[in-house]
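Enquirer: dropping a prediction and its sequence here:
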Amino acid sequence: MNNNIRAAEVRVLDEEGENLGVMETKKALALANEKGLDLIEINSKSEPIIVRVISFDKYRYMEAKKLKNAKKVAREKADEQKRVQISPREAEGDLRTKAKRADKFLSQGSKVEVYVRMRGRENQNRQFAAEKLEQFLTLIEAEHSITSKSTGKKGLINAILAPRK
């Protein structure tokens, strides 16, 4: 920002984002001071570096707004697929409770990943864990389709369910 910019030449953008061209850093700084604004470095990796004549407070506000929107998009993407974890030792009542949660997610339109996590000696009997997953899938009442099913990595068996519309 301002006097901390060390490049000899910079590409200058004004408040509205219009390109003012390449000029010496001193000249760009004088232009910013004349307007009562700051000279902010936008992209230091380009040649010449890109700076913008803008109020630092306004720039900080715009960056915070971008970050907030990025978090919102990430949160929406995370909402697209929900996860339900079951164990091979899970009791019937617990399976029903988790099946209701999966029903709720599917009725909201989210995909659901159901996975069986196995630990220690449970890995010896993968067939039992696969049967527990099948038992769980029969408890789900919401209209759904199984998009993928895997007995992949050691200690994990999963199925991805998608709602039917």
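Expert: Now that the structure is in, tell me what you want to look at.
Enquirer: which helix or strand in this protein has the lowest average pLDDT?
Expert: strand 144-150 (a mean of 74; mean pLDDT, DSSP states H and E).
Enquirer: for it, output the C-alpha coordinates as PDB.
Expert: Presented in PDB, the C-alpha positions along strand 144-150 are these (Å, rounded to 0.1, in the frame of the first residue of the first chain):
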ATOM      1  CA  HIS A 144     -33.800 -42.600  -3.200                       C
ATOM      2  CA  SER A 145     -31.400 -44.200  -5.600                       C
ATOM      3  CA  ILE A 146     -28.000 -45.600  -4.800                       C
ATOM      4  CA  THR A 147     -25.600 -43.800  -7.100                       C
ATOM      5  CA  SER A 148     -22.500 -45.600  -5.900                       C
ATOM      6  CA  LYS A 149     -21.400 -48.300  -3.500                       C
ATOM      7  CA  SER A 150     -17.900 -49.300  -2.500                       C
END
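Enquirer: which positions in it come out as buried?
Expert: By 16 or more other CB atoms under 10 Å, the buried positions in strand 144-150 come out as 144, 149. Where you see a C-beta, it was placed from the backbone N, CA and C, and this is true even at glycine.
Enquirer: can you map out the strands along this structure?
Expert: 9-13, 19-24, 38-43, 49-54, 81-86, 111-117, 144-150, 156-163 (DSSP state E).
Enquirer: let's have those in a markdown table, adding distance to residue 97.
Expert: Converted to a markdown table, the strands of the chain look like this (distance: least, CB to CB, whole Å):
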| stretch | distance to residue 97 |
| --- | --- |
| strand 9-13 | 56 |
| strand 19-24 | 60 |
| strand 38-43 | 52 |
| strand 49-54 | 54 |
| strand 81-86 | 10 |
| strand 111-117 | 13 |
| strand 144-150 | 18 |
| strand 156-163 | 17 |
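Enquirer: for those, which one sits closest to residue 2?
Expert: strand 38-43 (5.4 Å; CB to CB).
Enquirer: buried residues in stretch 53-72?
Expert: 53-54, 59.
Enquirer: export these to a markdown table and tack on pLDDT?
Expert: Supplementary listing: the buried residues of stretch 53-72 in a markdown table, determined by pLDDT from 0 to 100:
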| residue | pLDDT |
| --- | --- |
| 53 | 87 |
| 54 | 85 |
| 59 | 84 |
